[in-house]
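Trainee: Fold the stuff below for me.
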Amino acid sequence: MARIDHLIEILYQRGADRLLLVAGEKAAIAFANEVRSITASNLETKLLEAVLCEIAPAELSEEIKQEGEHRFDYASVAGAVSISLQRTGSGLRIEARPDARVPAAAAASAESQPLNPIADPLNPIADPPNPIAATPNPIAAAPNPIAAAPNPTAGPLKPVAAAPNPTTGPLNPIAAPLKLIAAAPTPKRKAAVAAPAASAPAESAGEASVTPGSATAAMDELLTQLVNAGCSDLHLSSECRPLFRKDGGMVSLSSTSPLSAEQVGQLLYSITPAARRAEFEERNDTDFAYELPKIGRFRCNVFRDRKGMGGVFRVIPCEILTAEDLGLSEYILKLCHLMKGLVVVTGPTGSGKSTTLAAMVDYINRNRSAHLITIEDPIEFVHNNKQCLINQREIGSHTKGFKAALRAALREDPDIVLVGEMRDLETVEIAIETAETGHLVFGTLHTNTAPSTVDRIIDQFSTDRQGQIRTMLSSSLKGVVAQTLCKKKGGGRVAALEVLIANSAISNLIREGKTFQIPSIMQTGKKLGMVTLNDALAELVVNDLVTPEEAFTKAVDRADFAKLLSARGINLEERAPAPE
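Mentor: A predicted model of the protein is given here:
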């Protein structure tokens, strides 16, 4: 009997989601919303190595000694488990989950049955006594009054047949897209029920059996509906119905019951990679990408709030919209032909920055012969090599962070580097230095306008360094594209693009710290391709793509925008500008 079998037995008896064995920490079992220790002392690395030698397949004996993530199945006498092993430097983490083919035992609630820490369940010298087997089960011979009744919390979701595509009409969410089981209190039990044998059938005594696969299927169903409905985001939150973001607004799946914290946790954990689950348990939030073949990729964020777990899923289309599809101007496309410099794409969260950058990278891929490195968190749009060699690196999976990857990129012979997000001062500084050393750098920031982007970059540095950064930025900055999404007439959304092209006048203003004069230069630089946000919004109104009211709410200088529309024959004088 392997030493880990005792802990797997506890995993099944307690009805936990997974068993966690981490070097330097106590062994623990994790439920949807709680992690509980089951040993009194911390685990040593050499002890975990001995455990691995007992359970790992012979053909993987050498592979599992390498850094990275490794997986294999183990048929314990207590029940089959899926083992996930992570090595990072001197760190070692083993995670065991009940195998999807074997139903977990019906367990007492965590609150009703305290855990008694085991002194040393993984003793490398001798197998310890089983603390549970040695105690007679007071209800072993008695019929279980609950076993025959359906468990109201056994399955959070049951996927149903494909629903009609709501894009054929207005989004009136789908009738009964998912059958949700209402949250109910976990039945109290006086003692744990013995774990089933590995050969037990999937369901017994009429009790619903929940496997990780059922939650995954339900999650896939929700994401498929998200794409079919033409929505941009799916929001899952404890004690709320699933919500879609459609054309900028939130729409409820009215026929779906609110999800309990346990249901949301099971949904989210079903598609979260093991490495990201570990990150979530440490930080209470994590990011990753998830892909459904022939449906799309999704940028996922999982977090915890006062009610429990939550998640937001952004659609990343399978097909990249081209620069022609987006209607990018020739002046924006000229930025793609630069040999060096810094180009920044900015806008609020959810404004389509990633879509615009992907279109620009695709344009480069079709029209240049170059080496392009992207650094993203996570990888969103997937680019195949056309005219260019493209290496896409993901934070957490392929590199530790933006600044580390950006430093490493300088030794990887790139022509173009794309930084998914310039989050901190050091990343911004390295991006500017990379642009100055003869590379073309694309990056993103969360700012509303092109002039404010320049101020944001400079203001990240301390006062004594801002003079030097102004000088560096004045020579390296080549362009800024700031975009704002507006609701389009007839449905959908369209981007208003403010474009700043760095000419000698712009560079001089940046160097001398007179960025407040940049809007004036943009007004007079239209022949160079410069466009202010108000001009871009007014153009959308004149072309009958958005309503004047929608454009007015998106304007930064609303008083000036009202005058601009009035000059074009659209009267907004009766609308009092909102406070700036």
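
Trainee: mind showing which ranges of this structure have poor pLDDT?
Mentor: The chain contains residues with pLDDT under 70 at 1, 33, 90, 100-213, 253-255, 573-580.

Trainee: Please enumerate the helices of the stretch 201-350 of the chain.
Mentor: Taking DSSP state H, counting those that start in this stretch as the test, the helices found in the stretch 201-350 of the chain are 212-228, 261-271, 274-283, 323-326, 330-335.

Trainee: Okay, buried residues for the helix or strand hosting Ala75 please.
Mentor: Per DSSP states H and E: Ala75 is located in strand 68-76. Neighbour-count burial for strand 68-76, counted by 16 or more other Cβ atoms under 10 Å, picks out 70, 72, 74, 76. Any C-beta I mention is one placed from the backbone N, CA and C, and that applies to glycine too.

Trainee: Show me which of those is closest to Leu7.
Mentor: Distance ranking of the buried residues of strand 68-76 against Leu7, using Cβ to Cβ, places Ser76 first at 9.2 Å.

Trainee: residue contacts, the residue lying closest to that closest one once chain neighbours are set aside?
Mentor: Nearest-residue entry for Ser76: Ile8, 4.4 Å, with adjacent residues in sequence omitted and distances by Cβ to Cβ, 6 or more residues apart in numbering. With Cβ atoms under 8 Å, 6 or more residues apart in numbering as the criterion, the residues that contact Ile8 are 19, 76, 78-79, 81, 96.

Trainee: And for His371?
Mentor: With contacts taken as Cβ under 8 Å, 6+ apart, His371 has the following neighbours: 388-389, 391, 412-416.

Trainee: Tell me the one of these nearest Leu267?
Mentor: Within these, the smallest distance to Leu267 is 33.2 Å, found for Asn391 (Cβ to Cβ).

Trainee: quick one: His337 from Tyr331, how far?
Mentor: Between His337 and Tyr331 the computed distance is 11 Å (Cβ to Cβ, to the nearest Å).

Trainee: rewinding a little: surely the residue nearest to Ser76 forms part of a strand?
Mentor: No: for Ile8, which was evaluated using DSSP: H, G, I helix; E, B strand; the rest coil, the result is helix, with no strand membership.

Trainee: related to what we said a few turns ago, with respect to Arg3, which of the helices of the stretch 201-350 of the chain lies nearest?
Mentor: Using Cβ to Cβ as the criterion, the shortest distance between Arg3 and these is 21.9 Å, found for helix 274-283.

Trainee: on that earlier part again, which of His337 and Tyr331 has more neighbours?
Mentor: It is Tyr331, of His337 and Tyr331, that has more neighbours when counted by other Cβ atoms under 10 Å, with 16 against 11.

Trainee: Identify the residues contacting the more buried one.
Mentor: By Cβ under 8 Å, 6+ apart, the contact set of Tyr331 is 499, 501, 528-530.

Trainee: can you list those in a markdown table and add neighbour count and distance to Phe402?
Mentor: What follows is these, written out as a markdown table (neighbours: other Cβ atoms under 10 Å; distance: Cβ to Cβ, whole Å):
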| residue | neighbour count | distance to Phe402 |
| --- | --- | --- |
| Val499 | 26 | 25 |
| Ile501 | 21 | 26 |
| Leu528 | 16 | 31 |
| Gly529 | 17 | 29 |
| Met530 | 25 | 29 |
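
Trainee: Among those residues, which pair sits farthest apart?
Mentor: Maximum distance among those (Cβ to Cβ): 9.3 Å, for Val499 and Leu528.

Trainee: pull the CA atoms of stretch 86-95 into PDB?
Mentor: Extracted in PDB, the C-alpha atoms of stretch 86-95 (Å, rounded to 0.1, in the frame of the first residue of the first chain):
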ATOM      1  CA  GLN A  86       4.600  20.900 -10.700                       C
ATOM      2  CA  ARG A  87       8.300  21.500 -10.300                       C
ATOM      3  CA  THR A  88       9.600  25.100 -10.200                       C
ATOM      4  CA  GLY A  89      13.300  25.400  -9.100                       C
ATOM      5  CA  SER A  90      13.500  23.700  -5.700                       C
ATOM      6  CA  GLY A  91       9.700  23.800  -5.300                       C
ATOM      7  CA  LEU A  92       7.500  20.700  -5.600                       C
ATOM      8  CA  ARG A  93       3.700  20.500  -5.600                       C
ATOM      9  CA  ILE A  94       1.500  17.400  -6.100                       C
ATOM     10  CA  GLU A  95      -2.200  17.700  -6.600                       C
END
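
Trainee: residues of that stretch that come out buried?
Mentor: Residues 86-87, 92-95 are the ones in stretch 86-95 that count as buried (16+ other Cβ under 10 Å).

Trainee: ok, Phe429 - how many residues close by?
Mentor: In this structure residue 429 is Glu, not Phe. Under the neighbour criterion other Cβ under 10 Å, Glu429 is assigned a count of 19.

Trainee: quick one: which helix or strand includes it?
Mentor: Assigned by DSSP H and E, Glu429 falls within helix 425-436.

Trainee: Tell me the secondary structure of the closest residue to Glu262 other than its chain neighbours, please.
Mentor: Spatial nearest neighbour of Glu262, excluding adjacent residues (Cβ to Cβ, 6+ apart): Ala32 at 4.8 Å. Following three-state DSSP, Ala32 is assigned to coil.

Trainee: so who does Ala32 touch?
Mentor: 17, 261-262, 265-266, 269, 309.

Trainee: so who does the nearest residue to Leu60 once chain neighbours are set aside touch?
Mentor: If the residues on either side of it in the chain are set aside, Leu60 comes closest to Phe72, at 5.9 Å by Cβ to Cβ, 6+ apart. Neighbouring residues of Phe72 by Cβ under 8 Å, 6+ apart: 56-57, 60, 64, 83, 85.

Trainee: and these as CSV, adding neighbour count and distance to Lys403?
Mentor: Formatted as CSV, these follow (neighbours: other Cβ under 10 Å; distance: Cβ to Cβ, whole Å):
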residue, neighbour count, distance to Lys403
Ala56, 18, 36
Pro57, 11, 39
Leu60, 14, 35
Ile64, 18, 31
Ile83, 21, 34
Leu85, 22, 29
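
Trainee: quick one on the thing from earlier: please name the strands paired to the strand holding Ala75 in the sheet, noting orientation.
Mentor: In the sheet containing strand 68-76, its partner strands are strand 79-88 (antiparallel), by DSSP bridges.

Trainee: by how many degrees do the helix or strand following the partner strand and strand 68-76 diverge?
Mentor: Sequence order places strand 91-98 as the next helix or strand after strand 79-88, per DSSP H and E. Going by axes from the mean of the first three to the mean of the last three Cα atoms, to 10 degrees, strand 91-98 is angled at 40 degrees with respect to strand 68-76.

Trainee: follow-up on the earlier one: which of the buried residues of stretch 86-95 lies closest to Leu326?
Mentor: Closest to Leu326, out of all of the buried residues of stretch 86-95 and judged by Cβ to Cβ, is Gln86, at 40.1 Å.

Trainee: related to what we said a few turns ago, can you pick out the most distant pair from the contacts of Ala32?
Mentor: In these, the most distant members under the criterion Cβ to Cβ are Asp17 and Ala261, with 13.5 Å between them.

Trainee: Please compute how far stretch 29-41 lies from its chain's middle.
Mentor: Relative to the chain's own centre, stretch 29-41 is displaced by 26 Å; criterion: Cα atoms, centre = their mean, to the nearest Å.

Trainee: buried set for that stretch?
Mentor: Counting neighbours by 16+ other Cβ under 10 Å, the buried set in stretch 29-41 is 29-32, 36-39.

Trainee: for stretch 367-387, same thing?
Mentor: Residues of stretch 367-387 classed as buried: 368, 370, 372-381, 383 (neighbour count, 16+ other Cβ under 10 Å).

Trainee: tally of neighbours for the closest residue to Thr272 other than its chain neighbours?
Mentor: The spatially closest residue to Thr272, leaving aside those adjacent along the chain, is Val302, at 6.1 Å (Cβ to Cβ, 6+ apart). Here the count is done by other Cβ under 10 Å, and Val302 has 25 residues near it.
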